[in-house]
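> A predicted structure for the sequence below; I have some questions about it.
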Amino acid sequence: MNAPTRVVAELRFLGSGNAFSPPGRMHALALLDGTILVDSPPTVLPQMRSFGVSPSQIRHLLVTHWHADHVFGFPFLILDRWKMGEINGESEKINIHCRPGGKERLTKLCEDGFPGTLSKELEKNCSWNEEESGELEFTDWTFERFPVSHTPATEPHGYRFTHKSGLSIMHCGDSGPCKEIENRAPESDIIILEMGVPDFVDSPHHHNPSDVSEFHLRHPNALILVTHNFARSKDSVEGFEIPELPDGVVQVEDGDCLEISDSGNFSLIKK
Ligand SMILES: [Zn+2]
Ligand SMILES: [Zn+2]
């Protein structure tokens, strides 16, 4: 008899759309184990609330790049953690992992959004980490940040997360096909790939459906989860049609959750 399996990690998509938020999709947003958030899009608060996630439970925020659909929600996240934290008696620190200079950028964004309001909170309850790799304190994960191919002025990066069990998840951020992703793909069990443009757009800064299909052929053993999708959701009628992609590639929808068991099996729970 097989030993019962136990869920050891959970990857939830609080949004799965590109910068245009196509019909039925909010901006791409991923949450690992309920405490590790990748990016903070403008509507980060409603996206979290839609799926029962409280801003105060976030311990780590990892920034992929400086495009607005990935960081403009940061002031709202900090505002909520401060004010609602006071009301609810919660004041855990959040660790913000970003490129050198990121603290200044995000502090300015807060000052532009809520002048004279958030500076004390940023000093008191935010811990800034500009290292390119390390442990994610109080979690079962370590991370590595690596450069990807996207608008260069945004300092585009992806992250590879390694679980204490050895399982590896690569989050490619916004990126077209690139060597850094290729090099890490054979060692990755799960790959979160963006698909920001349709096939008629040939861009070095995004994957289109043909790029994703070719990527899958090169890396057939990885589970590929497509997010930052240009196409509408399955329940929407307006917008670009959902493209056909090979088996082994899953186009996630807002709210989908991947459960990972201690035996290394995955199951995708649709919202
Ligand atoms: Zn984007
Ligand atoms: Zn971008």
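The structure has been received and is ready for your questions. Ligands and ions are numbered 1, 2, ... in the order given.
> what residues does the chain put near ligand 1?
19, 67, 69, 174 (Cβ under 5 Å from the ion). The way it works is simple: take the backbone N, C-alpha and C, and place the C-beta from them, glycine included.
> these into TSV, with extra columns for neighbour count and pLDDT?
Listed next are these as TSV, based on neighbours: other Cβ atoms under 10 Å; pLDDT from 0 to 100:
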residue	neighbour count	pLDDT
Ala19	16	98
His67	19	98
Asp69	24	98
Asp174	27	98
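> distance check, Leu106 against Trp66.
9 Å (Cβ to Cβ, to the nearest Å).
> of these two, who's got more company?
Neighbours of Leu106 and Trp66, each counted by other Cβ atoms under 10 Å, are more numerous for Leu106; the result is 24 against 20.
> the residue nearest to Ser133 when sequence neighbours are not counted: neighbour count?
Nearest non-adjacent residue to Ser133, counting by Cβ to Cβ, 6 or more residues apart in numbering: Glu144, 4.3 Å away. When counting by other Cβ under 10 Å, one arrives at 17 neighbours for Glu144.
> host element of Glu144?
strand 141-147 (DSSP states H and E).
> name every strand pairing with the helix or strand following that strand and say which way it goes.
Next along the chain after strand 141-147, taking DSSP H and E as the criterion, comes strand 157-163. Strand pairing for strand 157-163, using DSSP bridges, gives strand 141-147 (antiparallel), strand 168-171 (antiparallel).
> what about the helices in this structure?
Using DSSP state H, the helices found in the chain span residues 44-50, 68-71, 74-88, 102-113, 119-125, 179-184, 209-218.
> helices or strands up against the longest strand seen in the chain?
When the chain is parsed with DSSP state E, its longest strand is strand 7-15. On a contact count with 3 or more Cβ pairs under 8 Å, 6 or more residues apart in numbering; DSSP states H and E, strand 7-15 meets strand 29-32, helix 44-50, strand 223-227, strand 257-261.
> name every strand pairing with that strand and say which way it goes.
strand 29-32 (antiparallel), strand 257-261 (antiparallel).
> figure out how far it is from the centre of its chain.
The chain centroid and the centroid of strand 7-15 are separated by 10 Å under Cα atoms, centre = their mean, to the nearest Å.
> what is the mean pLDDT for that strand?
Strand 7-15 carries an average pLDDT of 95.
> could you check the angle strand 223-227 makes with that strand?
Angle, strand 7-15 to strand 223-227, by axes from the mean of the first three to the mean of the last three Cα atoms, to 10 degrees: 30 degrees.
> what does strand 7-15 contact?
Strand 7-15 is contacted from outside by 25-34, 41, 43, 47-48, 50-51, 53, 140, 163, 165, 167, 169, 190, 225, 227, 252-262, using Cβ atoms under 8 Å, 6 or more residues apart in numbering.
> any of these buried? List them.
25-33, 41, 43, 47-48, 51, 53, 140, 163, 167, 169, 190, 225, 227, 252-260 (16 or more other Cβ atoms under 10 Å).
> quick one: neighbours of Ser203, just the number.
Neighbour tally, Ser203, other Cβ under 10 Å: 14.
> check the one 4 residues further on too.
Under the neighbour criterion other Cβ under 10 Å, His207 is assigned a count of 27.
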